[in-house]
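With the sequence up front, the predicted model follows.
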Amino acid sequence: PYMLHPPYQNDYSTGGVGFTLRGVLVHCGGYDGRPLSTCNSLINFTWTETAPMLSRRYGAAALVLPNATVIVSGGYGINPDYSSVYHDTTEIYDGSVWRNGIHLPTGMAHHCMVILPNGDLLIAGGSTGSSGMAETYTFNFNTEMWTSRANMSQGRNFHACAVFKGK
């Protein structure tokens, strides 16, 4: 059955990431005139502030990994001098603490991520400005290496990707 959840306590205009970790719905980042790092969890039908991400991000991607941690990658942010940046970083969340993760091949926002049947992480598309990226990359957790893959036929951003029946 579907349940209505209480209104989210903040009014973010766009670009946060959401995921479910160990049965808890979590929302992080977003934009309210500037990128945000805050995170909130829905616990007992009440939004509760939880550990913030290490960086302010909107337009990032999030994925629950097989080891029950979450990777948040890329996104648009601000530097300490208030200049803008497309993050080439990731963060790993274990349900209580965020830590720095792997670096991406390039800074990007509005991309998608999936785990492939062989266990590799695939990142596709995104943007580093006004147009979509056609690039795709895989990350092998055993070798800790990125591999550039065939470009998509056209650049894409603000899109989704999925694995269907192991393909």
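Ah, there it is.

What sits closest to the residue sitting nearest the centre point of the chain if chain neighbours are left out?
Centroid check for the chain by CA atoms, centre = their mean gives Ala61 as the closest residue, at 2.1 Å. Closest residue in space to Ala61, ignoring its immediate chain neighbours: Met113 at 4.7 Å, by CB to CB, 6 or more residues apart in numbering. Every residue, glycine included, has its C-beta placed from N, CA and C.

Roughly how far does that neighbour sit from Pro80?
27 Å (CB to CB, to the nearest Å).

For these two, work out which one has more neighbours and name it.
More neighbours surround Met113 than the other of Met113 and Pro80, with 21 against 5 (other CB atoms under 10 Å).

Verify the contact between that one and Val64 for me.
No. Taking contacts as CB atoms under 8 Å, Met113 lies outside contact range of Val64: 10.5 Å.

Going along the chain, name the strands of the chain.
Under the criterion DSSP state E, strands of the chain are mapped to 17-21, 24-28, 39-43, 46-50, 61-64, 70-73, 76-78, 84-86, 89-93, 98-103, 112-115, 121-124, 136-140, 145-149.

for those, which one sits closest to Val163?
Among the strands of the chain, strand 112-115 comes nearest to Val163, with 5.2 Å by CB to CB.
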